[in-house]
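Participant: below: sequence and its predicted model.
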Amino acid sequence: MKVATAYEKGEICQHFGHTKQFKIYDIKENKIIKEEIIDVGKEEGHGALAKLLSSKLINILICGGIGNGAKEALKLANIELYAGITGNSDNAVSRLLEGKLEYNENANCNYNSKEHNCSHKCNENKNGCSGN
């Protein structure tokens, strides 16, 4: 199994569509056997990001806020989504493997400003991004 997190400086990036990196974890027998960080590069848009993850054979994505278009693209790529997650990337994957990862299935990010970036605190209230 392969798990990816939208990644920024060790933390879960809080806006899937603006993530610059993914951290990928190869999991075998419920243990992490390999980790790597990949750059998104010039990929833009939720369809391209879903395609990138699919090309890496990702089964599960963990992220913060995410828009409906991205949710649909991931669904079409058969990638299970854990959205609305905050905090350390490694800790989130550990909680997932322990069956303790609590997520917000309604997490949504609908803020499309070019100034929007992963460092904002859109998930503080666990209701997804509202652009605040």
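Facilitator: Structure's in. What do you need?
Participant: wait, doesn't E11 sit right on N88?
Facilitator: Yes: applying CB atoms under 8 Å as the test, E11 and N88 come out as touching, 6.1 Å apart. (Each C-beta comes from the backbone N, C-alpha and C, glycine too.)
Participant: quick one, which of these two is more surrounded?
Facilitator: E11 (20 against 13; other CB atoms under 10 Å).
Participant: in the sheet, who's paired with that one?
Facilitator: For E11, the beta-bridge partners are E8, N88 (DSSP bridges).
Participant: which residues does it contact?
Facilitator: Counting by CB atoms under 8 Å, 6 or more residues apart in numbering, E11 makes contact with T86, G87, N88, S89.
Participant: K23 now?
Facilitator: Under the criterion of CB under 8 Å, 6+ apart, the neighbours of K23 are A4, T5, Y7, E35, E36, I37, S89.
Participant: those in helices, which ones?
Facilitator: S89 (DSSP state H).
Participant: which of the contacts of K23 count as buried?
Facilitator: A4, T5, Y7, S89 (16 or more other CB atoms under 10 Å).
Participant: pLDDT and distance to R95 added to these, as CSV?
Facilitator: Output for those, formatted as CSV (pLDDT from 0 to 100; distance: CB to CB, whole Å):
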residue, pLDDT, distance to R95
A4, 98, 15
T5, 98, 12
Y7, 97, 16
S89, 97, 11
